[in-house]
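> I would like the atomic coordinates for the input below:
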Amino acid sequence: LTASNGTKTVYYQLRDNAGIVSATYSDTIILDTVNPTGTITINQGATYTSKLDVKLTLSWTDETAGVRYVRFRQGTVAPTTDWSQWEAQASERVWTLADIGDGTRTVYWQLQDYAGNTSGTFSDTILLDTTGPSGSVSILGGLIYATSATMVINYICPIDTDGVRFSVDDRVTWSTWTTPVGTTGTVALTFAAGDGTKRIYYQLRDYKGDVIELTDTIVLDTRGPGCRVIVNEDDLYTNNGTVTLTISANDDISSVGSMSLSNDGAAWSAWQTYQAGTYSWSLINGTGGSSANGYRYVHVRFMDNASNIAGTTTDRIMYDNTAPAGTLTINEAATYTTSRQVRLNSSWTDNAAGVELVQYGTDGTTFGVWESITGSRIWQFDADGTQAVYMQLQDRCGNISSAASDTITVDTSVPLVTVNSPQASSVVKGTVSITFEILQQQIVGTPSISIDGGVFTTVSQWSGTNGTYTWNTAGTSDDSHIFVVKATDAAG
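So this is what the prediction gives:
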């Protein structure tokens, strides 16, 4: 036959011995020496499949004879199984991938034409993935609370992820599908305003088109806790540097977590676990404290579990641990009095709180009831003689002073004069010495004498207890006469 491919005809005649030539006989055959070629695609060229059964799309060309048979075999990367039996050609065929786990599958294909020419091997590859996409999503790295509506979303996705998208409004709207770079990513999203639980919806789609949805929640808390502190049950004064705080705070969203205290509002104690109820605190040794007397402030601030810090709440108390001091006088510091009823006058000083109460006594040990201080008071002694009054002061912080005191001599009796001579009813003449003594009282000045109601005349001799008056009776009528001695004691 001639070398070119195509239909070939061979003609045949017969001639007998008589020279007669027969009719012409012939037969034809197609000469085809070129192998067929073709293409194979799996699932119309898809990259991934989630099913073992795939559709092969086949196409071919042949030089002359036409394709008659095809056969297949498959593997992971290189062929690993034998060829299937030759079968009639078709442009489509269902093929079952080897069930050996997910991974790359390659289907190999050969053609054979009617002339028996067998093609080279053609193939296509697809990734078998029977497992749906997987990943994770978290808000702020898994924190429980947030203080801002704008938050960073952390997500993880498989390497074959085709796209991811997010919703912050309960799936009402979604972000556009975005192809991630790598297997991890972050995106900043803003949730609706208003404290409370916020939910992120995260969808990821693989190249097969499978979509899964994941969620995470976080509590948005933008407000600090409400709070209050009371020092010593709201007392106004104290003389004790250690006080009892009544602490209360609340937070409806994330609850109160920590508290910090200060005496001066500048230096603060370390954050510590919130303790509701009573709490012992030192005005002196607590953070920012001092020993100074005066109004002292206790500042407390609170932090909720979302790390919101509330404004400082403050209470104050007058701290005074120094006792007051005072002075007391009786009758303006007089030495004597002729009345057992006297007037007490007091004055005082105090470091900070101010004097509020006073109590009195007569022995420096036993005192009467506390009474409001006025600065002046009437006092009644029970007897004559040297008397003392003691006074103690108490300021509003309860500090009690040392006792202040004053003394006075009470003398309610007139001086007792005893005439020694002449005796009563005695008869005298000439110059007469009238003698007398005063023993029980201290006499101030020199006594004087009056005869028959006349003018008092100072006695000529006075020793302090004894006196003498010289009376010249010349010219005095004979009769009974009366003389009176007058003396003034220290009490007047």
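> what about the stretch 51-200 of the chain, any weak spots by pLDDT?
Within the stretch 51-200 of the chain, the segments meeting pLDDT under 70 span 76-81.
> for the stretch 201-350 of the chain, same thing?
Looking at the stretch 201-350 of the chain by pLDDT under 70, you get an empty list.
> where do the strands sit along it?
211-220, 226-231, 237-238, 242-250, 256-262, 272-273, 277-282, 294-304, 313-319, 325-330, 336-337, 341-349 (DSSP state E, counting those that start in this stretch).
> adding distance to Ala424 and mean neighbour count, write these out as TSV.
Glycine gets a C-beta too; all of them are placed from N, C-alpha and C. Output for the strands of the stretch 201-350 of the chain, formatted as TSV (distance: least, Cβ to Cβ, whole Å; neighbours: other Cβ atoms under 10 Å):
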stretch	distance to Ala424	mean neighbour count
strand 211-220	114	16
strand 226-231	82	18
strand 237-238	71	20
strand 242-250	80	18
strand 256-262	91	20
strand 272-273	97	10
strand 277-282	84	14
strand 294-304	76	21
strand 313-319	74	18
strand 325-330	41	18
strand 336-337	32	18
strand 341-349	37	16
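> which one, of those, ends up nearest to Asn5?
strand 211-220 (53.8 Å; Cβ to Cβ).
> wasn't Gln44 part of a helix?
Yes - counting by DSSP: H, G, I helix; E, B strand; the rest coil, one finds Gln44 located in a helix.
> how about stretch 479-492 as PDB, C-alpha atoms only?
Extracted C-alpha coordinates of stretch 479-492, given in PDB (Å, rounded to 0.1, in the frame of the first residue of the first chain):
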ATOM      1  CA  ASP A 479     -23.200 103.900 183.900                       C
ATOM      2  CA  SER A 480     -23.100 100.700 181.900                       C
ATOM      3  CA  HIS A 481     -21.200 101.000 178.700                       C
ATOM      4  CA  ILE A 482     -21.100  98.800 175.600                       C
ATOM      5  CA  PHE A 483     -18.100  98.300 173.300                       C
ATOM      6  CA  VAL A 484     -18.000  96.500 170.100                       C
ATOM      7  CA  VAL A 485     -14.900  95.000 168.400                       C
ATOM      8  CA  LYS A 486     -14.900  94.800 164.600                       C
ATOM      9  CA  ALA A 487     -12.500  92.600 162.700                       C
ATOM     10  CA  THR A 488     -12.500  91.500 159.000                       C
ATOM     11  CA  ASP A 489     -11.300  88.000 158.100                       C
ATOM     12  CA  ALA A 490      -9.700  87.100 154.800                       C
ATOM     13  CA  ALA A 491     -13.100  86.000 153.300                       C
ATOM     14  CA  GLY A 492     -14.300  89.600 153.900                       C
END
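> mean confidence score for it?
Stretch 479-492 shows an average pLDDT of 80 in the prediction.
> may I see the buried residues of it?
Buried residues in stretch 479-492, counted by 16 or more other Cβ atoms under 10 Å: Phe483, Val485, Ala487, Asp489, Ala491.
> check stretch 3-14 too.
Applying 16+ other Cβ under 10 Å to stretch 3-14 flags Asn5 as buried.
> got the contact list for that stretch?
Outside stretch 3-14, the residues that touch it by Cβ atoms under 8 Å, 6 or more residues apart in numbering are 1-2, 21-34, 63-64.
> apart from its neighbours in sequence, what residue is nearest Asn293?
Ala352 (4.3 Å; Cβ to Cβ, 6 or more residues apart in numbering).
> what's the one you found sitting at in phi/psi?
Backbone torsions of Ala352, given as degrees, to the nearest 10, read phi -150, psi -50.
> ok so, going back, tell me the one among the buried residues of stretch 479-492 nearest to Thr96.
After measuring these against Thr96 - Cβ to Cβ - the closest member comes out as Ala491, at 137.9 Å.
> follow-up on the earlier one: reformat the strands of the stretch 201-350 of the chain as a markdown table; add distance to Tyr11.
Below are the strands of the stretch 201-350 of the chain laid out as a markdown table (distance: least, Cβ to Cβ, whole Å):
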| stretch | distance to Tyr11 |
| --- | --- |
| strand 211-220 | 71 |
| strand 226-231 | 115 |
| strand 237-238 | 138 |
| strand 242-250 | 114 |
| strand 256-262 | 108 |
| strand 272-273 | 113 |
| strand 277-282 | 123 |
| strand 294-304 | 107 |
| strand 313-319 | 121 |
| strand 325-330 | 155 |
| strand 336-337 | 179 |
| strand 341-349 | 154 |
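> relative to Ala115, how far out is the nearest residue to Asp235 once chain neighbours are set aside?
Spatial nearest neighbour of Asp235, excluding adjacent residues (Cβ to Cβ, 6+ apart): Ile317 at 6.4 Å. Going from Ile317 to Ala115 by Cβ to Cβ, to the nearest Å gives 114 Å.
> tally of neighbours for the residue lying closest to Ser290 once chain neighbours are set aside?
Residue nearest to Ser290 in three dimensions, not counting chain neighbours: Ile284, with 6.7 Å by Cβ to Cβ, 6+ apart. Neighbours of Ile284 under the rule other Cβ atoms under 10 Å: 15.
> gap between Ile284 and Ser269?
14 Å.
> identify the residues contacting the residue nearest to Asp235.
Contacts of Ile317 (Cβ under 8 Å, 6+ apart): Val231, Asn232, Asp235, Leu236, Tyr237, Thr238, Val243, Tyr295, Arg296, Val298.
> what's the closest of those residues to Ser136?
Out of these, the member with the shortest distance to Ser136 (by Cβ to Cβ) is Val298, at 46.9 Å.
> that closest one contacts Ser260, correct?
No - with contact defined as Cβ atoms under 8 Å, Val298 does not reach Ser260; the gap is 11.8 Å.
> one step back: the residue nearest to Asp235 pairs with what?
Per DSSP bridges, the residues bridged to Ile317 are Arg296.
> distance check, it against Thr244.
From Ile317 to Thr244 the distance is 11 Å (Cβ to Cβ).
> check the offset of stretch 360-377 from the chain's centre.
Offset of stretch 360-377 from its chain centre (Cα atoms, centre = their mean, to the nearest Å): 49 Å.
> quote the end-to-end distance of it.
With Cα to Cα, to the nearest Å applied, stretch 360-377 spans 10 Å between its terminal residues.
> now do stretch 466-479
Using Cα to Cα, the two ends of stretch 466-479 sit 27 Å apart.
> outside of it, which residues touch it?
Here stretch 466-479 has contacts from 428-438, 446-447, 449, 451, 457, 459-462, 483, 485, using Cβ under 8 Å, 6+ apart.
> can you say which of those are buried?
Val432, Ile434, Phe436, Ile438, Pro447, Ile449, Ile451, Val459, Trp462, Phe483, Val485.
> closest to Gly141 among these?
Ile438 (106.9 Å).
> wait, that closest one sits on Thr465?
Yes - in this structure, Ile438 is within contact of Thr465 by Cβ under 8 Å, at 6.1 Å.
> cool, thanks, signing off.
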